[in-house]
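Peer 1: okay, here's the prediction I keep looking at, along with the sequence it came from:
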Amino acid sequence: MIKNHRNILVKLRGVSKSYSGQQVLEPIDLDIRAGEVVGYLGPNGAGKTTTVKILTGITEEFYGSAEVCGFDVRKEPVEVKRRIGYVPEVAALYESLSPLEYLQFVGRVHQMDDALIERRAIEMLSLLGLEAEHRTPMFTFSKGMRQKVLFTAGVIHNPSVLFLDEPLSGLDVNAAMLVKEVIAQLAQAGKAILYTSHVMDVVQNVCDRIIILSKGKVLADGSFAELQERQGKSESLESIFSKLTNTDDHIARAAKFTRSLSEALAA
């Protein structure tokens, strides 16, 4: 049972983290409410992965406090893990197993009934286009097929909070459309979702709120419309991101890159 959270399922207060004396996450506060999809954006090394590791209990050493569904991630990590789902961009699957065998393993970790695991796994895999492969060893699978299994594993136990890291990576157009709609409907059902991605147009369309990080600091937090209002009505999310993170010199850098290539070819 979820503790009294006043509709807040994820709460960070003054959370910071350093590695070998280097600050990788400045003190941040963050709330994610039931029914909210929050886009979490930033360049590589901005602190996105560190935040997710803290919230999922992978990293226990940090300053500040972090709660999921009202449970302290340090003091009650098992209770937290029961209530979260995590879909990484890249994960090590047990390739000798079939998707059904792998999902049975995941479901049992979450103490699900075997009959429910099999019924739910076969139905979800079929909807994702893997109806013919649910008993096939996964060493034969493409990246997109593996991603479908990872997504199913992340949601099969019906978690209250989802952490999604590039969940559409490798998916074909139809599968990506389906997963985006699933995310929207999970939010409508009251799930809290933290969505990290480098694909700006997807974040713009999928997320209710967008947080932009750089060098461990929160630079912006609001809906896309609110970010536009602050930066200029005609701005795209990609443009806003580039300006805030000081990465808007891509045209000049691209010209220098192609010029170097042309010189190399001429030589």
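Peer 2: Right, received. Where do you want to start?
Peer 1: show me where the stretch 151-267 of the chain has helices.
Peer 2: Assigned by DSSP state H, counting those that start in this stretch, the stretch 151-267 of the chain shows helices spanning 173-188, 200-206, 224-231, 237-244, 250-266.
Peer 1: give me whichever of those helices is most buried.
Peer 2: helix 237-244 (a mean of 19; mean count of other Cβ atoms under 10 Å). In this view, the C-beta of every residue, glycine as well, is placed from N, C-alpha and C.
Peer 1: which stretches of this protein have low pLDDT?
Peer 2: Within the chain, the stretches with pLDDT under 70 are 1-6, 233-234, 247-249, 264-267.
Peer 1: residue 14 versus the residue lying closest to residue 95 once chain neighbours are set aside, what's the distance?
Peer 2: In this structure, residue 95 finds its nearest non-sequential neighbour in residue 139, 3.9 Å apart by Cβ to Cβ, 6 or more residues apart in numbering. Separation of residue 139 from residue 14 (Cβ to Cβ, to the nearest Å): 45 Å.
Peer 1: neighbour count: these two, which is higher?
Peer 2: Taking other Cβ atoms under 10 Å, residue 139 and residue 14 do not tie; residue 14 has more neighbours (13 against 10).
Peer 1: thought residue 228 was touching residue 235?
Peer 2: Yes. Checked against Cβ atoms under 8 Å, the pair residue 228 and residue 235 is within contact range at 5.6 Å.
Peer 1: thought residue 56 was touching residue 163, still the case?
Peer 2: Yes. At 6.2 Å, residue 163 and residue 56 qualify as touching, with contact defined as Cβ under 8 Å.
Peer 1: shared neighbours, these two?
Peer 2: Common contact partners of residue 163 and residue 56 (Cβ atoms under 8 Å, 6 or more residues apart in numbering): 84, 86.
Peer 1: who's more crowded, those two?
Peer 2: Higher neighbour count among residue 163 and residue 56: residue 163, with 25 against 20, using other Cβ under 10 Å.
Peer 1: how near is the more buried one to residue 261?
Peer 2: Distance of residue 163 to residue 261, computed by Cβ to Cβ: 39 Å.
Peer 1: now residue 244
Peer 2: Taking Cβ to Cβ, one finds residue 244 at 30 Å from residue 261.
Peer 1: for the nearest residue to residue 31 once chain neighbours are set aside, give its distance to residue 235.
Peer 2: Excluding the flanking residues, the one nearest residue 31 by Cβ to Cβ, 6+ apart is residue 8, at 5.0 Å. Taking Cβ to Cβ as the measure, residue 8 falls 30 Å from residue 235.
Peer 1: also residue 17?
Peer 2: Counting by Cβ to Cβ, the gap from residue 17 to residue 235 is 31 Å.
Peer 1: more neighbours, the two?
Peer 2: Each of residue 17 and residue 235 has its neighbours counted (other Cβ under 10 Å); residue 17 has more, 22 against 17.
Peer 1: the more buried one falls within a strand, correct?
Peer 2: Yes. Assessed with DSSP: H, G, I helix; E, B strand; the rest coil, residue 17 lies in a strand.
Peer 1: was I right to think it contacts residue 55?
Peer 2: No. Counting by Cβ under 8 Å, residue 17 does not reach residue 55; the two are 11.7 Å apart.
Peer 1: give me the neighbour count for residue 141.
Peer 2: 19.
Peer 1: which residues are in contact with it?
Peer 2: Residue 141 is in contact with 133, 149, counting by Cβ under 8 Å, 6+ apart.
Peer 1: so what does it have for phi and psi?
Peer 2: In terms of degrees, to the nearest 10, the main-chain angles of residue 141 are phi -80, psi 150.
Peer 1: wasn't residue 119 part of a helix?
Peer 2: Yes. Under three-state DSSP, residue 119 falls within a helix.
Peer 1: contact partners for the nearest residue to residue 205 once chain neighbours are set aside?
Peer 2: Excluding the flanking residues, the one nearest residue 205 by Cβ to Cβ, 6+ apart is residue 180, at 7.5 Å. Residues near residue 180 by Cβ under 8 Å, 6+ apart: 168, 202, 205, 206.
Peer 1: I figured the last one hits residue 183, correct?
Peer 2: Yes. In this structure, residue 206 sits in contact with residue 183. The criterion is Cβ under 8 Å, and the distance is 6.1 Å.
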